[in-house]
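Chemist: Sequence first, predicted coordinates after that:
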Amino acid sequence: MPQTREAIDHARAAKVPIIIALNKIDKANANPDRVKQQLTEIGIVIEEYGGETVLVPVSARRGEGIDELLDYILLVAEVQDIRANPNRLATGIIIEARLEKNSGATATVLVQQGTLKMGDNIVVGSISGKVRAMFNDRGKRIQKAPPSTPVSILGLSEVPQAGDHLEATEDERTAKLMAQRELEKRRAEAAPLGQVSLDTLYMQMQEGTVKELDVVLKSDVQGSSEAIKGALSKLGEENMKVRLIHEGIGNVSETDVHLAGASGAVVIAFNVKADGAAQREAQREHVDIRYYEVIYKLIEDIQAALVGMLEPTYREVIDGHAEVVQIFKAGKSTVIAGCRITDGRLTRASQARVLRKTEKVYDGKVGSLRRGKDDVREVLTGYECGIVLEDFSEYEVGDIIEAFSQERVAPGA
């Protein structure tokens, strides 16, 4: 019954009325009297036992007691005079948020006051935007959402956090100003510290300049975030702890890097990337961004950093790009991509990936590099060449071949 106790603690802390829905009464081994006794033991006395808390037996599977539960909710709301004004600008709370491939940042909000409408300018934490689409709990597009309505909305530039407050504003300028104020407030609350990386953590800990590892966590879905948080909370010892100062869903943004820079934190990116602005800001502020796809590797690295055993890390450096303008066949199986170097340079030792309309379709190495009939070591910007990639032949005209290398990151860089 730990989850029930936690829910009751939250309700008491928020000073809101409690209604108990006693579920699964249809099960053969159901024991309602035992549950009622357990509730009494934690200070919840139901009406049947002379208390004031309403308890309604229900079966979600069979639909039993649902109408009675709804009636009691309305009755308690009337007795407690719990009302919401629908004729004002909306406020609400974010229940869930995620990053969708096709639609971008999507947030589920429970409207608490006012009516949220299509086109409303909104601010959620340090993010501003405009409601561009709104869907009810059945996925149907709607134009407005009155109080107590859960809706999914599109229109935010970033993925907000579950628990963030949403507020509709009179105009776009007001929303942006409120978001900026909140961002500055969060930055001010994070005291500036020397920059920390996993490479230098143990040394700084020994010198006494660092007592805890602050982490900004960005992940692909809420489930991953919860699992990582749980694992991180178990790491460290009395003299060195891991502290999560911010978590979010979606790619690492410039705002995340600013926060990490101001608080001396390391950014953990799990199954997400950092956008271009974030990467540039990270280099400027010397913020360490670590990318992971497997949780145990992430935890392994953090634990190794805490005990001074972390292996050296490498940073990816983009060497150049080539556009496929023609495709040739040589022999039975070799396919050559006729390319023009659009920027930088390509070498025979380069690692390479093939990008097709921003999607990666290959990741490997350059097999050979030719100009005319000659094998060459490198080709520079503006020149044409023939490229063969190892174990890849599915080129298309317009593909971009991105050459890159791995550069060792110096400690503290």
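Modeler: Perfect, thanks for sending it. Numbers count the residues shown, from 1 in each chain.
Chemist: CA only for contacts and neighbour counts going forward, please
Modeler: Noted.
Chemist: What segments of the protein are helices?
Modeler: Applying DSSP state H to the chain gives helices spanning 2-14, 32-41, 66-79, 172-189, 201-207, 222-232, 254-263, 276-285, 295-306.
Chemist: average model confidence for the shortest one?
Modeler: Pointing back at helix 201-207 there. When pLDDT is averaged along helix 201-207, the result is 51.
Chemist: ok, residue 96 touching residue 108?
Modeler: Yes. Contact criterion CA atoms under 8 Å: residue 96 and residue 108 qualify, at 5.2 Å.
Chemist: the more surrounded of those two?
Modeler: Between residue 96 and residue 108, counted using other CA atoms under 10 Å, the more crowded position is residue 108 (22 against 19).
Chemist: quick one on the thing from earlier: can you redo the helices of the chain as CSV with distance to residue 160 and mean neighbour count?
Modeler: Listed next are the helices of the chain as CSV, based on distance: least, CA to CA, whole Å; neighbours: other CA atoms under 10 Å:
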stretch, distance to residue 160, mean neighbour count
helix 2-14, 22, 11
helix 32-41, 35, 13
helix 66-79, 30, 13
helix 172-189, 12, 16
helix 201-207, 30, 17
helix 222-232, 11, 15
helix 254-263, 12, 23
helix 276-285, 17, 16
helix 295-306, 23, 17
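Chemist: Any idea which of the ones you listed has the lowest pLDDT on average?
Modeler: helix 201-207 (a mean of 51).
Chemist: pLDDT wise, what is the nearest residue to residue 357 once chain neighbours are set aside at?
Modeler: Spatial nearest neighbour of residue 357, chain neighbours left out: residue 399 (7.6 Å); criterion: CA to CA, 6 or more residues apart in numbering. pLDDT for residue 399: 94.
Chemist: Do you know the pLDDT at residue 405?
Modeler: Listed pLDDT for residue 405 reads 87.
Chemist: Verify the stated contact: it with residue 351.
Modeler: Yes. Residue 405 lies in contact with residue 351 (CA under 8 Å); the separation is 6.0 Å.
Chemist: The two: who's more crowded?
Modeler: residue 351 (20 against 15).
Chemist: What's opposite that one in the beta bridge?
Modeler: Beta-bridge partners recorded for residue 351 (DSSP bridges): residue 365, residue 404.
Chemist: just checking, it touches residue 390?
Modeler: No. Residue 351 lies out of contact with residue 390 (CA under 8 Å); the separation is 10.0 Å.
Chemist: Find residues that contact each of those two.
Modeler: Residues touching both residue 351 and residue 390 (CA atoms under 8 Å, 6 or more residues apart in numbering): 364-366.
Chemist: Now restrict these to buried residues only.
Modeler: Taking 16 or more other CA atoms under 10 Å as the criterion, what is buried in the shared contacts of residue 351 and residue 390 is 365-366.
Chemist: Of the shared contacts of residue 351 and residue 390, just say which sits nearest to residue 328.
Modeler: Nearest to residue 328 out of the shared contacts of residue 351 and residue 390 is residue 366 (CA to CA; 16.3 Å).
Chemist: hmm, back to that, got the contact list for the residue nearest to residue 357?
Modeler: Residues counted as contacts of residue 399 (CA under 8 Å, 6+ apart) are 323-324, 354-357.
Chemist: Just the buried positions in the longest strand seen in the chain, please.
Modeler: Scanning the chain for the longest strand, with DSSP state E as the assignment, gives strand 314-330. Applying a neighbour-count criterion of 16+ other CA under 10 Å, the buried positions in strand 314-330 are 318-324, 327.
Chemist: which helices and strands sit right next to it?
Modeler: The elements that strand 314-330 packs onto, with contact taken as 3 or more CA pairs under 8 Å, 6 or more residues apart in numbering; DSSP states H and E, are strand 334-347, strand 400-408.
Chemist: Show me which residues of the shortest one are buried.
Modeler: Residues of strand 400-408 classed as buried by neighbour count (16+ other CA under 10 Å): 400-404.
Chemist: Check which helices and strands it is in contact with.
Modeler: Looks like strand 400-408 contacts strand 314-330, strand 351-356 (3+ CA pairs under 8 Å, 6+ apart).
Chemist: same check, this time on the longest one
Modeler: Strand 334-347 sits against strand 314-330, strand 378-380, strand 384-389, with contacts defined as 3+ CA pairs under 8 Å, 6+ apart.
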